[in-house]
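Undergrad: this is the structure alone, sequence omitted:
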């Protein structure tokens, strides 16, 4: 038997190669999800709370304080005057022209998510200007899971 008379070898199956590659990718993604689970599930779990705070902050930036007060869903002790003292154009956090949302976190043994917000009196939000960033304020808001009411965390 000569070299040219030997039986032809078949190349490895394409299906087997693709299956191995897909399994390798799935295992890699699975390992990353196991190692860093919160990076994957928190946008889905806290989507409603992020949307509520974004809608609230957009309303504050637009200057529509009455609608912002309604989105806040305040307790009976937090009056409209108190709200304006905090969020109004001359309030503690005001004027708010732009903001940046932080990553939401679950309150341990609680029924709310804590979201840190950076507020700025400048439009658009200053990213690289240290002088303007110095005038920014940071506030943590709690968003209740049940009724999407917003509040300040207790001291």
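TA: Cool, got the structure. Worth saying up front: this structure is predicted, and the values here are computed from it rather than measured.
Undergrad: strands of this protein, residue ranges please.
TA: For the chain, the strands defined by DSSP state E cover 98-101, 105-106, 112-120, 137-144, 150-151.
Undergrad: looking at these, which is buried most?
TA: strand 112-120 (a mean of 19; mean count of other CB atoms under 10 Å). In short, each C-beta sits where N, CA and C put it, glycine included.
Undergrad: which residues touch it?
TA: 46, 49-50, 53, 57, 93, 96-107, 125-126, 132-133, 135-145, 151, 153 (CB atoms under 8 Å, 6 or more residues apart in numbering).
Undergrad: let's see 6 Å
TA: Taking contacts as CB atoms under 6 Å, 6 or more residues apart in numbering, the residues outside strand 112-120 that touch it are 46, 49, 53, 93, 96, 98-102, 104-107, 136-144.
Undergrad: now stretch 29-45
TA: By CB under 6 Å, 6+ apart, the list of residues contacting stretch 29-45 is empty.
Undergrad: can you give me the end-to-end span of it?
TA: 20 Å (CA to CA, to the nearest Å).
Undergrad: can we start the residue count at 38 from this point?
TA: Got it, first residue is 38 now, which makes that one stretch 66-82.
Undergrad: roughly how far out does it sit from the chain middle?
TA: Here the centre of stretch 66-82 is set off from its chain's centre by 14 Å, with CA atoms, centre = their mean, to the nearest Å.
Undergrad: what average pLDDT does that stretch get?
TA: In this model, stretch 66-82 has an average pLDDT of 76.
Undergrad: same check on stretch 95-111?
TA: 95.
Undergrad: which parts of this protein belong to which domain?
TA: Split into domains by automatic domain parsing, the chain comes to 50-82, 84-188.
Undergrad: what about the first one, distance to the chain center?
TA: Put simply, domain 50-82 sits 23 Å off its chain's centre (CA atoms, centre = their mean).
Undergrad: thinking again about what came up before, switch the strands of the chain over to JSON lines; also include distance to residue 124 and mean pLDDT.
TA: Below are the strands of the chain laid out as JSON lines (distance: least, CB to CB, whole Å; pLDDT from 0 to 100):
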{"stretch": "strand 135-138", "distance to residue 124": "11", "mean pLDDT": "94"}
{"stretch": "strand 142-143", "distance to residue 124": "22", "mean pLDDT": "84"}
{"stretch": "strand 149-157", "distance to residue 124": "9", "mean pLDDT": "93"}
{"stretch": "strand 174-181", "distance to residue 124": "10", "mean pLDDT": "94"}
{"stretch": "strand 187-188", "distance to residue 124": "11", "mean pLDDT": "94"}
